[in-house]
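Visitor: quick one: sequence and predicted model below, then my questions.
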Amino acid sequence: MRLAARRFVVFDVSPMMIKRILLAGLLLTAAAGASVSAQPGGIVLVIADGTSQELITATRNFALGPAGRLELDKFPHTAFVRTYSASDLVTDSGAAATAIARGIKADNRVIGMAAPDSTGSPASLLDLARNAGWSTGIVTDDSVTGATPAAFLVEHPNRNQPDQIARKILPQLGPRADLVMGGGTRWFQDLSGKPGAAYAPGQLPIVQSTAAALKAAPVKVFDSWEALRDYRPEKGASAPVLGTFHPDVFPFHADGKRTLRLRDMVEKAVELLRARGKPFFLMVEAGLPDKACHQNQARRAFGEVMELDATLAWLRENLTPDTLVVVTTDHSTGGLAFSGPSAPVKLRGDALLGVNPLNNFEYLTWASGPGANRETANVRPAPTSGAPAPAEAKLPTDPDYMQPALVPAGSASHTGGDVWLVAGGPGSETFSGSLDNTDIYRLLAGAISRPGR
């Protein structure tokens, strides 16, 4: 009897209450699906080149301590991403960026196409966004001819031909991209009036005939950051923008020689894209973690991850809530390991760069690279002129210092493990679980193609 009574009480609900429950369920269902069904007001894809999970952890410990939270840690959705290429278990940036930009597996060293002898290539995410009526842009602190930005902009069989890639980028300013911003001035110098003598031997400047081909869509060319920072296009102006602010790759922040930050360029890019009054797709590459890891230099790598995080902080604070932000890396570089035993939990800052007194091993090591020869890796050469002087040892806190490596190599190798991805904003919940890098293309393409808001 008690059981029956309890059952009766549970299901004794008034018709009005049933209506309220059903209405609440519909509202919850609609709310849960809204972020997936609605088209975002913009998409920012950030690729942190060569940035392993181990590097992020070590940077967090270095800058904040183990309980700290980077901006990377604040995104609500995460995934693991497989990165193998069409030709190799361990990808390079060209193949990895092509997978993300085009949704296909490419051979290493090929950009924007499957293989060197390919006759065609799937549309870039820039094309999909442009066809949907969006504005599009690329920002990097590498050269804009580098493998990652180039895979979104052009199709080319060899990533190591920046002069030819630059020629191909120019006609895409307008049809494919509204703005391209980063390093690589040397590859575009004839457009900004610089003498050809600035080019390295054997490298040809961009010919004037290439510039003439752009007359149908004139390009605003900047090699001064101050000029672009102060640039305010006239209302209704639609000329694409090319801004290059360093001869090739930007300097490392840890070296103290750099004033223009990735965050500054991203802020200007968002301003210019928003001024066009459309949804926008922006690809941002933080290219220098990879460069530092190839040299086995942890202090430089930490500085670049912290600059990446500062850029993410700006995006999280300044983008509208309807903007989808996806952050990932193309591959890991160097095989950084943060090792014990007995690394004190309070270990942070410069102490992390030092030696564990219990075993005389450095806390940070690399799998491969130029740090393998400990007799020469961190010794400054004697002066080449004047009185001979004994070689000077570099300290672990010096940006040039190379932590120990196991396998000797002039440049540290990429590694083939799965990489990380974080996402936030409308539709970000679809970026979860175990993905292939081509799935990033698929999911972003789906977000672009959703019905308008």
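Guide: Everything's here; your move. Numbering: from 1, shown residues only.
Visitor: please count neighbours and contacts with C-alpha atoms only from this point.
Guide: OK.
Visitor: what distance do you get for the spatially most central residue of the chain to Val305?
Guide: For the chain, Ile47 is the residue whose C-alpha lies nearest the centre (Cα atoms, centre = their mean; 1.9 Å). Using Cα to Cα, to the nearest Å, we find Ile47 at a distance of 12 Å from Val305.
Visitor: equivalent analysis for Leu347, please.
Guide: Counting by Cα to Cα - Leu347 and Val305 are separated by 19 Å.
Visitor: compare those two (neighbour count), which wins?
Guide: Val305 (24 against 14; other Cα atoms under 10 Å).
Visitor: residues touching that one, list them.
Guide: Each residue near Val305 by Cα atoms under 8 Å, 6 or more residues apart in numbering is listed here: 51, 56, 59, 289.
Visitor: show the pLDDT at it.
Guide: Val305 carries a pLDDT value of 98.
Visitor: surely it is in a helix?
Guide: Yes - according to DSSP: H, G, I helix; E, B strand; the rest coil, the state of Val305 is that of a helix.
Visitor: worst-scoring helix or strand of the chain, pLDDT-wise?
Guide: Counting by mean pLDDT, DSSP states H and E, the chain has its least confident helix or strand at helix 2-11, which shows a mean of 36.
Visitor: where in the chain is pLDDT low?
Guide: 1-37, 190-217, 384-390, 452-453 (pLDDT under 70).
Visitor: mind checking the longest strand of this protein?
Guide: In the chain, with assignment by DSSP state E, the single longest strand is strand 135-143.
Visitor: could you identify the helix or strand that succeeds it?
Guide: Per DSSP states H and E, the first helix or strand lying C-terminal to strand 135-143 is helix 147-153.
Visitor: can I get the CA coordinates of the following helix or strand past that following helix in PDB?
Guide: The helix or strand immediately downstream of helix 147-153 is helix 162-169, counting by DSSP H and E. What follows is helix 162-169, C-alpha atoms only, in PDB (Å, rounded to 0.1, in the frame of the first residue of the first chain):
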ATOM      1  CA  PRO A 162      59.300  31.600 -50.200                       C
ATOM      2  CA  ASP A 163      60.000  33.800 -53.200                       C
ATOM      3  CA  GLN A 164      57.600  31.700 -55.400                       C
ATOM      4  CA  ILE A 165      55.100  31.500 -52.600                       C
ATOM      5  CA  ALA A 166      55.100  35.300 -52.300                       C
ATOM      6  CA  ARG A 167      54.300  35.600 -56.000                       C
ATOM      7  CA  LYS A 168      51.300  33.300 -55.500                       C
ATOM      8  CA  ILE A 169      50.100  35.100 -52.400                       C
END
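Visitor: so which elements touch helix 162-169?
Guide: The elements that helix 162-169 packs onto, with contact taken as 3 or more Cα pairs under 8 Å, 6 or more residues apart in numbering; DSSP states H and E, are helix 147-153.
Visitor: name the residues that touch the helix it packs on?
Guide: Defining contact as Cα under 8 Å, 6+ apart, one finds that helix 147-153 is touched by 93-94, 96-98, 101-102, 111-112, 124-126, 138-140, 144, 159, 165, 169, 172, 176-177, 283, 285.
Visitor: circling back: next, the residue nearest to the centre of the chain: secondary structure please.
Guide: Assigned by three-state DSSP, the conformation of Ile47 is strand.
Visitor: the one 4 residues further on too?
Guide: Secondary structure for Thr51, judged by three-state DSSP, is coil.
Visitor: what about it, neighbour count?
Guide: 29.
Visitor: surely it touches Asp290?
Guide: Yes - at 6.5 Å, Thr51 counts as touching Asp290 under the criterion of Cα atoms under 8 Å.
Visitor: need the overlap of contacts for these two.
Guide: What both Thr51 and Asp290 touch, as defined by Cα under 8 Å, 6+ apart, is the set 332-333.
Visitor: strands of the stretch 101-250 of the chain, residue ranges please.
Guide: Here the stretch 101-250 of the chain has its strands, by DSSP state E, counting those that start in this stretch, at 135-143, 179-183, 220-222, 241-244.
Visitor: can I get these in a markdown table including mean neighbour count?
Guide: Formatted as a markdown table, those follow (neighbours: other Cα atoms under 10 Å):
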| stretch | mean neighbour count |
| --- | --- |
| strand 135-143 | 28 |
| strand 179-183 | 26 |
| strand 220-222 | 19 |
| strand 241-244 | 24 |
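Visitor: tabulate those strands (JSON lines), appending distance to Tyr363.
Guide: Listed next are the strands of the stretch 101-250 of the chain as JSON lines, based on distance: least, Cα to Cα, whole Å:
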{"stretch": "strand 135-143", "distance to Tyr363": "29"}
{"stretch": "strand 179-183", "distance to Tyr363": "34"}
{"stretch": "strand 220-222", "distance to Tyr363": "44"}
{"stretch": "strand 241-244", "distance to Tyr363": "38"}
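Visitor: so which of those comes closest to Ala447?
Guide: Among these, the nearest to Ala447 by Cα to Cα is strand 135-143 (14.7 Å).
Visitor: helices and strands around that closest one, which ones?
Guide: helix 125-131, helix 147-153, strand 179-183, helix 262-274, strand 280-286.
Visitor: for Gly42, find the nearest of these.
Guide: With Cα to Cα as the measure, strand 280-286 is the member of the helices and strands packed on strand 135-143 nearest Gly42 (4.7 Å).
Visitor: angle of that closest one against helix 262-274?
Guide: Strand 280-286 runs at 170 degrees relative to helix 262-274, counting by axes from the mean of the first three to the mean of the last three Cα atoms, to 10 degrees.
Visitor: packing partners of strand 280-286?
Guide: When contacts are defined as 3+ Cα pairs under 8 Å, 6+ apart, strand 280-286 packs onto strand 42-48, helix 125-131, strand 135-143, helix 147-153, helix 262-274.
Visitor: now the helices for the stretch 301-450 of the chain?
Guide: Here the stretch 301-450 of the chain has its helices, by DSSP state H, counting those that start in this stretch, at 437-449.
Visitor: show me where it has strands.
Guide: Under DSSP E, counting those that start in this stretch, the stretch 301-450 of the chain gives strands at 323-328, 332-333, 337-338, 355-356, 361-362, 364-369, 379-380, 392-393, 405-408, 414-415, 419-424, 433-436.
Visitor: so which of those strands is the most surrounded?
Guide: strand 332-333 (a mean of 30; mean count of other Cα atoms under 10 Å).
Visitor: and it, what does it pack onto?
Guide: Applying 3+ Cα pairs under 8 Å, 6+ apart, we find strand 332-333 packed against helix 288-294, strand 414-415.
Visitor: and that strand, which strands flank it?
Guide: Sheet pairing of strand 332-333 (DSSP bridges) gives strand 414-415 (antiparallel).
Visitor: if we look at the strand it pairs with, which residues are touching it?
Guide: In contact with strand 414-415 (Cα under 8 Å, 6+ apart) are residues 50, 90-92, 331-335.
Visitor: mind running it again at 10 Å?
Guide: 50, 52, 83, 89-93, 290, 293-294, 331-336, 367-368 (Cα atoms under 10 Å, 6 or more residues apart in numbering).
Visitor: report the buried members of those residues.
Guide: When the contacts of strand 414-415 are checked for burial by 16 or more other Cα atoms under 10 Å, the buried set is 50, 52, 83, 90-93, 290, 293-294, 331-336, 367-368.
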